[in-house]
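[1] what's the 3D shape of this:
(chains A, B, C and D)
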Protein chains: 2
Amino acid sequence: MQGVQTAKETGAGSGLTERQGAVLEQALRLLVDGGERALTTAGVARAANCSKESLYKWFGDRDGLLSAMIAYQASKVRTLDVSAEALDEASLRAHLVAFAKDLLEVLAGDVSLALNRLAIGQASREGSKLGRLLEERGRRQIGRRAGALLEVGRKAGLLAFGDPEEAYGALYGLVVSDWHLRMLLGEDPSGLKKNFGRRAERAVDAFLALYGRKE
Amino acid sequence: MQGVQTAKETGAGSGLTERQGAVLEQALRLLVDGGERALTTAGVARAANCSKESLYKWFGDRDGLLSAMIAYQASKVRTLDVSAEALDEASLRAHLVAFAKDLLEVLAGDVSLALNRLAIGQASREGSKLGRLLEERGRRQIGRRAGALLEVGRKAGLLAFGDPEEAYGALYGLVVSDWHLRMLLGEDPSGLKKNFGRRAERAVDAFLALYGRKE
DNA sequence: CTCCATCAGTACCGTACGGTACGGTTCGCC
DNA sequence: GGCGAACCGTACCGTACGGTACTGATGGAG
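    Predicted structure coming up:
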């Protein structure tokens, strides 16, 4: 980090050059296509038309490459904030349903599944920080969005809950149930993807039945 | 299966001898302690005081060993059936809370986490049947227990739901939320384990608020 | 033009693992 | 007692991968 960074960086202040971003993109593609077994340093170098030496110079070692992949993928996700505009019951429900659909679509995405599988596979190793990293960049982010939404709903007198964390946990559980695990285990998600909309609405209705303020 | 099996088998008619069961036990221990990286054929042979040749004779190859481990572990879990005795609101709630606590304890168990991590790590491989196997032996089993319990509750007029699968999904989601994933990612479950009881009760109360029959 | 930094491509090394083969031993059966 | 099956321990082989070193090409700075 000494001196002026002359190479062009990616949009986010991630310290990555365009080239390095392209390499991570190829690495993610390899991971999605063939799982962790396919993610070899030689394979990444070949797919990205770069040398292994450059990989080690840029990312340190294989773990550094994996961490960079997670950070890079997370940097592409942007969480839109909910405007604290006038919120009525219908619009709160609409926001919640939109959140639920987004959540399901993110969790069912190829890259998300591959990265979660990768981090879970490494979780047994003691020093592996991949799980923590994924949790920080993934769950915390989407959790904050949901938390903000719930807070706005409570401020508007539409929701009633004591512990926001508990309310968020209930919402998450009602929306996702065990689908995430089943997809991680390899179950074909095509049957699920059709029903995202209906599933999200049902879950939100149940959530509102639990935490919606009875008028 | 030709002729009479002379060697003593394990209790379940799994076709495994005691010796093979002991070997699988050691293999599970290795997996729990060190993750998949520690689960090498040589390591299992050393830990179980058997030869690699015997491993390959008994289980075919490494995948066969992994499948046998999952089947063996599943065979140790016995699902107790709910007697269809007279069920009132309090006893239904008690049964549901017991189920929820069991579910949390199973999912948080060392062996369960290790096997789920293993199957998830292999899920990217095309031909891997481990995920399906784990789903069949694990989820389906506990799902049937829950389904039976819910059905009894409905028959007794204490629960009202249309689709049993949906009701079970809601119960599962309320109980587990994202805790399973977080534990799979390596989060320390010690903080969670203290609150199993309270968590189970809260989840069951929410479930009953949704699906309990208002009298 | 010259110098220097960067990087692609490749060759190389050590290691670790899956799977196989073999010698020696135990144990049940005839 | 002798035979044969099962099996332990170990040595062995091929392969694949992580990581390093080297060579040559490119391109920008002075």
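
[2] For chain A, what lies in contact range of chain B?
    Within chain A, the positions adjacent to chain B are A:34-37, A:114, A:116-117, A:119-121, A:123-125, A:128, A:131-132, A:134-135, A:139, A:166, A:169-170, A:172-178, A:180-182, A:184-187, A:202, A:206, A:209-210 by CB under 8 Å from any CB of the partner chain. The way it works is simple: take the backbone N, C-alpha and C, and place the C-beta from them, glycine included.

[3] List buried residues within these.
    A:34-36, A:114, A:116-117, A:119-121, A:123-125, A:128, A:131, A:134-135, A:166, A:169-170, A:172-178, A:180-182, A:184-187, A:202, A:206, A:210 (16 or more other CB atoms under 10 Å in any protein chain shown).

[4] Return the subset of the residues you listed lying in helices.
    Of the positions in those, A:34-36, A:114, A:116-117, A:119-121, A:131, A:134, A:166, A:169-170, A:172-176, A:180-182, A:184, A:202, A:206, A:210 sit in helices, assigned by DSSP state H.

[5] mind checking how far the residue nearest the centre of chain A is from A:Ala119?
    Central residue of chain A (CA atoms, centre = their mean): A:Gly138, 4.0 Å from the mean position. The gap separating A:Gly138 from A:Ala119 is 9 Å, by CB to CB, to the nearest Å.

[6] Equivalent analysis for A:Ala47, please.
    21 Å.

[7] Apart from its neighbours in sequence, what residue is nearest the residue nearest to the centre of chain A?
    A:Ala74 (6.5 Å; CB to CB, 6 or more residues apart in numbering or on different chains).

[8] Buried residues, the strand or helix carrying that neighbour. List them.
    Using DSSP states H and E, A:Ala74 maps to helix A:62-76. In terms of neighbour count (16+ other CB under 10 Å), helix A:62-76 has its buried residues at A:65-75.

[9] average pLDDT for stretch A:123-142?
    Stretch A:123-142 comes out with an average pLDDT of 88.

[10] Tell me which other helices or strands the lowest-mean-pLDDT helix or strand in chain A touches.
    One helix or strand of chain A scores below all others by mean pLDDT, DSSP states H and E: helix A:190-193, with a mean of 85. Packing contacts for helix A:190-193, counted by 3 or more CB pairs under 8 Å, 6 or more residues apart in numbering or on different chains; DSSP states H and E, involve helix A:89-108.

[11] which residues are contacting the helix it packs on?
    A:77, A:82, A:87, A:112-113, A:142, A:145-146, A:149, A:153, A:156, A:158-159, A:171-172, A:175-176, A:179-180, A:183, A:189, A:192-193, A:196-197, A:199-201, A:203-204, A:207-208, A:212 (CB atoms under 8 Å, 6 or more residues apart in numbering or on different chains).

[12] Stretch A:20-38 now?
    A:10, A:16, A:39, A:43-44, A:47-48, A:50, A:55, A:58, A:65, A:68-69, A:72-73, A:110-111, A:114-115, A:117-118, A:121, B:121, B:123-125.

[13] Output it as CSV, restricted to C-alpha atoms.
    Presented in CSV, the C-alpha positions along stretch A:20-38 are these (Å, rounded to 0.1, in the frame of the first residue of the first chain):
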residue,chain,number,x,y,z
GLN,A,20,-7.4,-9.5,-10.3
GLY,A,21,-11.2,-9.1,-10.4
ALA,A,22,-11.3,-10.9,-13.7
VAL,A,23,-9.2,-13.7,-12.2
LEU,A,24,-11.5,-14.0,-9.2
GLU,A,25,-14.4,-14.2,-11.6
GLN,A,26,-12.9,-17.1,-13.5
ALA,A,27,-12.1,-18.8,-10.2
LEU,A,28,-15.8,-18.4,-9.1
ARG,A,29,-16.8,-19.9,-12.4
LEU,A,30,-14.6,-22.9,-11.9
LEU,A,31,-15.9,-23.3,-8.4
VAL,A,32,-19.5,-23.2,-9.5
ASP,A,33,-18.9,-25.6,-12.3
GLY,A,34,-16.8,-28.3,-10.7
GLY,A,35,-16.8,-27.7,-6.9
GLU,A,36,-13.8,-27.4,-4.8
ARG,A,37,-12.0,-30.2,-6.4
ALA,A,38,-11.9,-28.3,-9.7
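
[14] That one vs DNA strand C: in contact?
    No: contact of stretch A:20-38 with DNA strand C (CB under 7 Å from any atom of the strand) is absent, the minimum separation being 7.8 Å.

[15] can you give me the mean pLDDT across that stretch?
    Mean predicted confidence for stretch A:20-38 is 96.

[16] repeat for stretch A:83-97
    Averaged across stretch A:83-97, the pLDDT comes to 88.

[17] And for stretch A:160-170?
    Mean pLDDT, computed over stretch A:160-170, is 96.

[18] For A:His150, pull up the helix or strand it's in.
    No His there; residue A:150 is Leu. Using DSSP H and E, A:Leu150 falls within helix A:140-155.

[19] Now list the buried members of the contacts of helix A:89-108.
    Buried among the contacts of helix A:89-108 by 16+ other CB under 10 Å: A:82, A:87, A:112-113, A:142, A:145-146, A:149, A:153, A:156, A:158-159, A:171-172, A:175-176, A:179-180, A:183, A:189, A:196, A:199-200, A:203-204, A:207-208, A:212.

[20] residues in chain A within reach of DNA strand D, list them.
    A:37, A:39-42, A:51-53, A:56, A:61-62.

[21] I'd like to know which of the residues you listed are part of helices.
    Those of those lying in helices (DSSP H): A:37, A:41-42, A:52-53, A:56, A:62.

[22] which pair in those residues spans the largest distance?
    Greatest spatial distance in these: A:Arg37 and A:Glu53, 23.0 Å, computed using CB to CB.

[23] Need the max-distance pair from the residues of chain A next to DNA strand D.
    The widest separation within the residues of chain A next to DNA strand D (CB to CB) is 23.0 Å, between A:Arg37 and A:Glu53.

[24] If you count contacts, what does whichever strand or helix holds A:Ser112 end up packed against?
    Using DSSP H and E, A:Ser112 falls within helix A:110-122. With contacts taken as 3+ CB pairs under 8 Å, 6+ apart, helix A:110-122 sits against helix A:18-38, helix A:62-76, helix A:130-134, helix A:179-184, helix B:110-122.
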